[in-house]
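Student: What follows is a protein structure lacking sequence information:
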């Protein structure tokens with residue numbers, strides 16, 4: 001993979017300004033239809049999910065009161081991991097995007113919702129909603145692209161530290177909520193870019209510390225204590241549930257922007273970018289996960305990452321409905337609609353992370369290309385020698 005502007009011949013480069021405006025007009029029309037159709041059925045959906053998630057969490061924590069029994073530990077841990085996943089993905093992520101603000105329900109609103117995560121909602125909204133969604137997959141601007149700790153494009157200068165990025169990515173998966181919280185503080189980005197830290201950094205650190213303390217106290221002190229003689233096994237269950245949630249959500253995010261067939265963009269390419277061109281960048285810089293309703297729920301409908309990036313504030317339950325129309329638009333303009341089962345997207349994302357941990361000249365794909373080029377060069381030289389010898393042989397025969 002390399003930034004799309006350096007690829008010689010793609011469907012992207014063949015689109016005319018008129019094509020891009022037409023794509024934008026169709027996407028605007030889809031958005032307008034969904035906005036006009038929002039109503040009671042959408043509100044009922046999100047309230048059902050909230051009710052079911054809370055029931056699942058409460059039931060799982062009740063089962064963990066008997067967590068010394070292996071069966072109770074397994075059932076309670078898996079249930080709690082699923083409840084935390086749904087809360088972070090389908091509820092927290094989407095509510096904090098403002099997808100349900102139109103309901104005017106103060107309990108289900110982006111300004112009041114605080115999620116089951118160590119990152120304060122206000123800090124996550126700033127780094128995710130404003131930075132990531134505005135600068136999706138733009139090298140040097142979208143800090144979600146590699147989180148500042150990984151090399152994710154051939155055009156990024158290689159450093160020896162990138163050799164361990166597969167291990168770094170694995171650790172990031174296990175401790176994902178902590179990685180996101182520290183990333184949202186913005187300190188690492190400022191240091192990497194040579195900027196002075198944000199003057200508000202001390203206040204942001206205090207907010208993060210307070211939120212993290214509440215989360216740690218809830219999961220690792222309060223609920224184990226309530227389990228009485230089952231405290232130790234309940235503590236282990238909570239640690240495991242958080243780790244499972246972390247690994248799953250990390251995989252979902254990896255599938256959305258890291259697979260090999262997702263495009264990246266040069267920094268200068270967004271200068272003067274129009275709304276229609278922004279749409280096009282979201283289309284080519286995101287990837288979907290194919291699957292059924294359960295996958296959609298457990299990914300927070302980020303299985304429809306393309307549709308989410310086109311319309312981050314539309315209700316998530318509408319993405320499956322509009323996906324066929326969006327895909328038809330891709331097909332009409334011969335654009336690649338990146339979609340595959342989760343296992344394949346995870347494999348592709350990890351392949352990219354491992355491949356780019358090496359310098360460009362040592363990557364397997366590059367080595368194979370160089371070998372093929374050397375073989376072609378040898379064949380060309382051999383053919384040239386044969387062609388050169390033929391006139392000499394012919395001349396000798398005529399003497």
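Tutor: Cool, the structure landed. The structure presented is a predicted model; accordingly, all values stated were derived computationally and were not measured. Residues are numbered from 1 along each chain as shown.

Student: the strands in the protein, which residues?
Tutor: Taking DSSP state E, the strands of the chain run over residues 288-290, 339-341.

Student: List the buried residues of the first one.
Tutor: Judged by neighbour count (16 or more other Cβ atoms under 10 Å), strand 288-290 contains these buried residues: 288, 289. The way it works is simple: take the backbone N, C-alpha and C, and place the C-beta from them, glycine included.

Student: swap in stretch 206-223?
Tutor: 207, 208, 211, 212, 215, 219, 223.

Student: In helices, which of those appear?
Tutor: 207, 208, 211, 212, 215, 223 (DSSP state H).

Student: For the residues you listed, work out which two are farthest apart.
Tutor: Farthest pair in these (Cβ to Cβ) is 207 and 223. Separation: 23.7 Å.

Student: contacting residues for residue 287?
Tutor: Applying Cβ atoms under 8 Å, 6 or more residues apart in numbering, we find residue 287 in contact with 255, 256, 257, 259, 261, 262, 305, 306, 338, 339, 340, 345.

Student: nearest residue to it other than its sequence neighbours?
Tutor: residue 338 (3.7 Å; Cβ to Cβ, 6 or more residues apart in numbering).

Student: Could you give the number of residues near the one you found?
Tutor: For residue 338, the count of nearby residues is 24 (other Cβ atoms under 10 Å).

Student: repeat for residue 324
Tutor: 9.

Student: Redo the contacts of residue 287 as TSV? Include distance to residue 39.
Tutor: Converted to TSV, the contacts of residue 287 look like this (distance: Cβ to Cβ, whole Å):
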residue	distance to residue 39
255	31
256	28
257	32
259	35
261	37
262	34
305	25
306	25
338	32
339	29
340	33
345	33
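
Student: Relative to residue 354, which of those is nearest.
Tutor: residue 259 (13.2 Å).

Student: Give the closest residue to that closest one in space, chain neighbours not counted.
Tutor: residue 348 (3.9 Å).

Student: next one: residue 248
Tutor: In space, residue 248 is closest to residue 85, 5.6 Å off (Cβ to Cβ, 6+ apart).

Student: can you pull the pLDDT of that neighbour?
Tutor: pLDDT recorded at residue 85 is 98.

Student: so who does it touch?
Tutor: Counting by Cβ under 8 Å, 6+ apart, residue 85 has contacts 244, 245, 248, 249, 298.

Student: In helices only, show me those residues.
Tutor: Those of the contacts of residue 85 lying in helices (DSSP H): 244, 245, 248, 249, 298.

Student: Please report the distance of residue 250 from residue 49.
Tutor: 22 Å (Cβ to Cβ, to the nearest Å).

Student: how is this protein carved up into domains?
Tutor: 4-355, 364-397 (automatic domain parsing).

Student: Could you measure from residue 310 over to residue 131?
Tutor: 18 Å.

Student: Have a look at those two and say which one is more surrounded.
Tutor: Neighbour totals were compared for residue 310 and residue 131, and residue 310 leads with 22 against 17 (other Cβ under 10 Å).

Student: Which parts of the stretch 1-150 of the chain are helices?
Tutor: Taking DSSP state H, counting those that start in this stretch as the test, the helices found in the stretch 1-150 of the chain are 11-14, 17-37, 40-63, 70-86, 94-96, 121-124, 133-134.

Student: re the thing from before, buried deepest among the domains of the chain, which one?
Tutor: Among these, domain 4-355 has the highest mean neighbour count (mean count of other Cβ atoms under 10 Å), at a mean of 17.

Student: what's the closest non-adjacent residue to residue 216?
Tutor: Residue 216 sits nearest to residue 118 (Cβ to Cβ, 6+ apart), 7.9 Å away.

Student: Tell me how far that neighbour lies from residue 264.
Tutor: 29 Å.

Student: Check residue 12 too.
Tutor: Where residue 264 is concerned, residue 12 sits at a distance of 12 Å (Cβ to Cβ).

Student: Enumerate every residue touching residue 115.
Tutor: 87, 88, 91, 92, 93, 95, 96, 121.

Student: Let me know the closest of these to residue 285.
Tutor: The closest of the contacts of residue 115, once distances to residue 285 are taken by Cβ to Cβ, is residue 93, at 18.2 Å.

Student: how much space between the spatially most central residue of the chain and residue 23?
Tutor: For the chain, the residue sitting closest to the mean C-alpha position, by Cα atoms, centre = their mean, is residue 253 at 2.8 Å. Look at residue 253 and residue 23: by Cβ to Cβ, they are 26 Å apart.

Student: try residue 65
Tutor: The value you get for residue 65 to residue 23, if Cβ to Cβ is used, is 55 Å.

Student: what about the helices in the stretch 251-399 of the chain?
Tutor: 275-284, 293-298, 305-310, 319-332, 342-355, 364-397.

Student: Give the other helices and strands that the fourth one contacts.
Tutor: In other words, helix 319-332. Helices and strands touching helix 319-332, by 3 or more Cβ pairs under 8 Å, 6 or more residues apart in numbering; DSSP states H and E, are helix 17-37, helix 305-310.

Student: picking that back up, possible to save the strands of the chain as JSON lines with distance to residue 57 and mean pLDDT?
Tutor: JSON lines is the format used below for the strands of the chain (distance: least, Cβ to Cβ, whole Å; pLDDT from 0 to 100):
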{"stretch": "strand 288-290", "distance to residue 57": "24", "mean pLDDT": "97"}
{"stretch": "strand 339-341", "distance to residue 57": "28", "mean pLDDT": "96"}
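
Student: mind putting those in TSV, distance to residue 138 included?
Tutor: What follows is the strands of the chain, written out as TSV (distance: least, Cβ to Cβ, whole Å):
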stretch	distance to residue 138
strand 288-290	20
strand 339-341	22
